[in-house]
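[1] fold the following, please.
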Amino acid sequence: MVIDSSTPVKQSSIQVSTFLDEEIVILNLESSLYFGLEGVGACIWSAIEEPANAAEICRKVMERFDVGEDQCLNEVLGFLDQLATAGLIETTSLTAC
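    This next block holds a predicted model:
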């Protein structure tokens, strides 16, 4: 899966997740692997409950964390690639209201 700054992504339908203390715990239902996210990772995960692209996700991350736009975009794209490799996100289309 190729993800760039305009690719809409969302949480995969083959996972379940929940907040546990200050961490988000995710279970991939196909692989039975658990993942834990804190801080920026948890912020990104929350941002993709609904379809969003990396630029939109970065806006949310930059509201909460002290990071520049270029660095944020590079790191968000890298993290989204990791989530995609783990089967935790899928690409989708953005829907207009």
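[2] any low-confidence regions in this structure?
    Scanning the chain for pLDDT under 70 picks out 94-97.
[3] mind listing the strands for it?
    9-11, 15-20, 23-28, 34-37, 89-91 (DSSP state E).
[4] if I look at Gln82, how far off is Ile24?
    Between Gln82 and Ile24 the distance, using CB to CB, to the nearest Å, works out to 14 Å. Every residue, glycine included, has its C-beta placed from N, CA and C.
[5] and the helices in this protein?
    Taking DSSP state H, the helices of the chain run over residues 39-47, 54-64, 69-85.
[6] how about those helices in JSON lines, adding mean neighbour count and distance to Lys10?
    Shown next, in JSON lines, are these (neighbours: other CB atoms under 10 Å; distance: least, CB to CB, whole Å):
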{"stretch": "helix 39-47", "mean neighbour count": "17", "distance to Lys10": "10"}
{"stretch": "helix 54-64", "mean neighbour count": "17", "distance to Lys10": "11"}
{"stretch": "helix 69-85", "mean neighbour count": "16", "distance to Lys10": "11"}
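[7] and the ones you listed as CSV, adding distance to Ser12?
    Formatted as CSV, the helices of the chain follow (distance: least, CB to CB, whole Å):
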stretch, distance to Ser12
helix 39-47, 11
helix 54-64, 16
helix 69-85, 8
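[8] next, count neighbours for Ser31.
    Neighbour count of Ser31, defined by other CB atoms under 10 Å: 12.
[9] quick one: closest of the helices of the chain to Val9.
    The closest of these to Val9 is helix 69-85. By CB to CB, the value is 6.0 Å.
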